[in-house]
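K.L.:
Need the 3D shape of this:
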Amino acid sequence: MRNRFDSQLENLNNSLIEMGGLVEQAISNAYSALISQDAKQAEKNIKFDVVINEKEREIEGLCMKLLLQQQPVAKDLRLISAVLKMITDLERIGDHAQDISEIVLFLSSQQYIKKLEHISRMAQITAKMVTDSIDAFVKRDIMLAQRVCDTDDTVDDLFVTVKNELISLINENVKNGEQAMDFLMVAKYFERIGDHAVNVGEWVIFSITGKHKEFD
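P.N.:
Sure thing, here's the model as predicted:
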């Protein structure tokens, strides 16, 4: 019985890794479309969110099957409960990648009012946070999960930098206002992706220690 349970847990782990990979791909595609102003890639990424949602439902089904058929206790129950929480955050990350892609569609025919170096940095950092949070779960690595949580301060600082730059551009020329607000929303979506990656890291720690700590 335990061998079967362990096999099902491994299947759950693999499915979570797959969902993490899909989410990472969605972030990368959204960022790439933003930088290249590629409307077609943005459209594809919007539709790609369906794949992420389907994977979430698949994993949710696996978790419910384990809960109902195996009646796990203690450590195993924590792990399954944490996965249910994590896939919710991963699904929300996919939603934000879709949101960014929708803004890219609107901006695809416009000349950008600024270089996107800080937004680019946010995209790179948040994508790595997602990757590391999943790796932390698979490897049962509390320190890696902690580093994901700690990295959120860097993302928050970059968001403030982007916001201040955009305010300056609006002050220089009010005509910059509409596009500046679009870029501010893009930055906010990346900032939220970072927040959700932190949530995943926190649930990883919970699955190992049984303690859920929210990081400042």
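
K.L.:
Where does the prediction get shaky in the protein?
P.N.:
Judged by pLDDT under 70, the chain has its weakly predicted residues at 1-2, 213-216.

K.L.:
quick one, helices of it?
P.N.:
Listed in chain order, the helices of the chain (DSSP state H) span 2-36, 39-70, 74-107, 117-139, 142-172, 177-209.

K.L.:
As a markdown table, those with mean neighbour count would be great.
P.N.:
For every residue, glycine as well, the C-beta is placed using N, CA and C. Compiled in a markdown table, the helices of the chain are given as follows (neighbours: other C-beta atoms under 10 Å):
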| stretch | mean neighbour count |
| --- | --- |
| helix 2-36 | 18 |
| helix 39-70 | 16 |
| helix 74-107 | 20 |
| helix 117-139 | 21 |
| helix 142-172 | 17 |
| helix 177-209 | 22 |
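
K.L.:
roughly how far apart are the residue nearest the centre of the chain and residue 76?
P.N.:
The structure's the chain has its C-alpha centroid closest to residue 93; by C-alpha atoms, centre = their mean the separation is 3.6 Å. Summarising the geometry, the distance separating residue 93 from residue 76, computed by C-beta to C-beta, to the nearest Å, is 26 Å.

K.L.:
surely the residue nearest to the centre of the chain meets residue 197?
P.N.:
Yes - under the criterion of C-beta atoms under 8 Å, residue 93 lies in contact with residue 197, with a separation of 7.2 Å.

K.L.:
Between those two, which contacts overlap?
P.N.:
Residues touching both residue 93 and residue 197 by C-beta atoms under 8 Å, 6 or more residues apart in numbering: residue 130.

K.L.:
any idea how far the residue nearest to the centre of the chain lies from residue 160?
P.N.:
The value you get for residue 93 to residue 160, if C-beta to C-beta is used, is 21 Å.

K.L.:
Ok, residue 68 next?
P.N.:
Distance of residue 68 to residue 160, given as C-beta to C-beta: 46 Å.

K.L.:
check contacts around the closest residue in space to residue 183 that isn't next to it in sequence.
P.N.:
In this structure, residue 183 finds its nearest non-sequential neighbour in residue 166, 5.9 Å apart by C-beta to C-beta, 6 or more residues apart in numbering. Residues in contact with residue 166, defined by C-beta under 8 Å, 6+ apart, are 114, 180-181, 183-184.

K.L.:
farthest pair in those?
P.N.:
114 and 181 (12.9 Å; C-beta to C-beta).

K.L.:
Please list all residues in contact with residue 154.
P.N.:
Residues touching residue 154, when contacts are defined by C-beta under 8 Å, 6+ apart, comprise residue 125.

K.L.:
Do I have it right that residue 45 meets residue 26?
P.N.:
Yes - with contact defined as C-beta under 8 Å, residue 45 and residue 26 form a contacting pair (6.2 Å).
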